[in-house]
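In: test case, fold it:
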Amino acid sequence: MVLSFKDRLQAVNPEYETFESLHTLQVNLGNLCNLHCTHCHVNASRRGTEIMGRDVMGQIAGFLTQHPNLTLDITGGCPEMNPDFRYLIEQTKGLAPRRMLRSNLAIMAEQGWEWLPEYCREHELIIVGSLPCYLEDNVDRQRGIGVYQKSIQVLKLLNSLGYGSELELDLVYNPGGDFVPGSQHGLEATYKMELLANHGIVFSHLFTITNAPIGRFREHLESTGSYSEYLRMLAGRFNPEAAGAIMCRKLISVDWQGKIYNCDFNQALEMPVTADDGSEIVISELDDGGMSGKKIRLSQHCYSCTAGEGSSCTGALAG
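Out: Down below sits the predicted model:
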């Protein structure tokens, strides 16, 4: 039996269970996506119906106006497919010093989306592109046949626009199975060597992210009878150093309806942040000062953030 993550975290330091201060506002524009990845924790697809509208986007812009100097982290699904994606980008211009777009890259190679790379450059968006391996077979097995070649095509185009040199271009690695990523530093060096040698591609940083045992990945684990084993493995790799840096202490996640969560994984599990009376909080009601010291909603999936070097939306937390 795996010890409760909450108990494990409290044993290291009770303060780690509480929200510290807001640095990043992560906004999930919905579960619409052009891909159907095996590890997706939000079960995104072309049939996604949870799509953020302009009303919530306006509330987000208003929050950023009142709280300058935050990082805006835009995710999905495939966030670019939200019909009002450009509205959000234009409404938040100048309101956050760092605006990160989490892209699956392949969308930028699809017909009708050719405008995206230059649009991102025009608005100086940081691109965080998902490329779960530098090998074609591994990527296509996880994301679909042909996705690797589309991603390489897009990365070359982004390089030609100054991404990876003048503008930040980060890549994301996640395991192709039920194991913890290796050294982020080592993987980044290998990625840079392989992509440069084989494709002439350069990028800024590599983020290693452990697969959380939720969504499609949990379905896969359960279908193979390995869910409990995977959870035990994550717990066995628990790293106290990573525990002190978990992203939910400085990040708030907003869903398509404007509800707030401690992270995107909690959002996928419908575990919202609640007020003292138990009611759900939406972005228009959020006071980040009131979040300080508030207990974080924890569960067993949180072990994925503290295993090995740790895992966050910007990669490893220790090591």
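In: output the below-cut-off pLDDT ranges for the stretch 151-300 of the chain.
Out: Counting by pLDDT under 70, the ranges of the stretch 151-300 of the chain that qualify are 288-290.
In: mind redoing it with 80?
Out: Along the stretch 151-300 of the chain, the parts satisfying pLDDT under 80 run over 287-290.
In: show me where it has strands.
Out: Counting by DSSP state E, counting those that start in this stretch, residue ranges of the strands within the stretch 151-300 of the chain are 169-173, 205-208, 251-254, 260-261.
In: helices of the stretch 201-319 of the chain, start to end?
Out: Read by DSSP state H, counting those that start in this stretch, the stretch 201-319 of the chain holds these helices, from start to end of the chain: 215-223, 227-236, 240-243, 264-268, 288-291.
In: including mean neighbour count and distance to Gln149, could the ones you listed go into CSV?
Out: Any C-beta I mention is one placed from the backbone N, CA and C, and that applies to glycine too. Output for the helices of the stretch 201-319 of the chain, formatted as CSV (neighbours: other C-beta atoms under 10 Å; distance: least, C-beta to C-beta, whole Å):
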stretch, mean neighbour count, distance to Gln149
helix 215-223, 17, 23
helix 227-236, 17, 31
helix 240-243, 18, 35
helix 264-268, 23, 28
helix 288-291, 14, 43
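In: most tightly packed of the strands of the stretch 151-300 of the chain?
Out: Most buried of these, by mean neighbour count (mean count of other C-beta atoms under 10 Å): strand 251-254, with a mean of 25.
In: re the thing from before, distance to Gly94 added to the strands of the stretch 151-300 of the chain, as CSV?
Out: As requested, those are arranged in CSV below (distance: least, C-beta to C-beta, whole Å):
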stretch, distance to Gly94
strand 169-173, 22
strand 205-208, 24
strand 251-254, 20
strand 260-261, 23
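In: which among the ones you listed is found nearest to Ser311?
Out: Between Ser311 and these, the tightest spacing by C-beta to C-beta is seen for strand 205-208, at 6.9 Å.
In: quick one: low-confidence parts of the stretch 1-150 of the chain?
Out: Within the stretch 1-150 of the chain, the segments meeting pLDDT under 80 span 1, 39.
In: the helices in the stretch 1-150 of the chain, which residues?
Out: Listed in chain order, the helices found in the stretch 1-150 of the chain under DSSP H, counting those that start in this stretch are 5-12, 54-66, 85-91, 116-122, 136-143, 147-160.
In: for Leu298, which of these is the nearest?
Out: Smallest distance to Leu298 across these (C-beta to C-beta): 4.6 Å, for helix 5-12.
In: and the angle from that closest one to helix 227-236?
Out: Taking axes from the mean of the first three to the mean of the last three C-alpha atoms, to 10 degrees, helix 5-12 and helix 227-236 form an angle of 10 degrees between their directions.
In: packing partners of helix 5-12?
Out: Under the contact criterion of 3 or more C-beta pairs under 8 Å, 6 or more residues apart in numbering; DSSP states H and E, the helices and strands touching helix 5-12 comprise helix 240-243.
In: which elements pack onto the helix it packs on?
Out: Taking 3+ C-beta pairs under 8 Å, 6+ apart as the contact definition, the neighbouring helices and strands of helix 240-243 are helix 5-12.
In: give me the residues contacting the helix it packs on.
Out: The set of residues external to helix 5-12 that reach it, using C-beta atoms under 8 Å, 6 or more residues apart in numbering, is 16-17, 235, 238, 240, 243-244, 298-300, 302-303, 306.
In: please redo it, this time with the cut-off set to 6 Å
Out: Taking C-beta atoms under 6 Å, 6 or more residues apart in numbering as the criterion, the residues outside helix 5-12 that touch it are Tyr16, Glu17, Pro240, Ala243, Leu298, Gln300, Cys302, Tyr303.
In: would you mind giving the residues you listed as TSV with distance to Pro213 added?
Out: As requested, the contacts of helix 5-12 are arranged in TSV below (distance: C-beta to C-beta, whole Å):
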residue	distance to Pro213
Tyr16	21
Glu17	20
Pro240	21
Ala243	18
Leu298	14
Gln300	8
Cys302	10
Tyr303	8
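In: so which of those is the most crowded?
Out: With neighbours set by other C-beta atoms under 10 Å, the maximum within the contacts of helix 5-12 is found at Tyr303, which has 27 neighbours.
In: could you tell me which residues make contact with that one?
Out: Neighbouring residues of Tyr303 by C-beta under 6 Å, 6+ apart: Phe5, Leu234, Ala235.
In: could you dump the helices of the stretch 201-319 of the chain to CSV with distance to Phe63?
Out: CSV is the format used below for these (distance: least, C-beta to C-beta, whole Å):
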stretch, distance to Phe63
helix 215-223, 27
helix 227-236, 33
helix 240-243, 29
helix 264-268, 17
helix 288-291, 9
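In: nice, that's everything, thank you.
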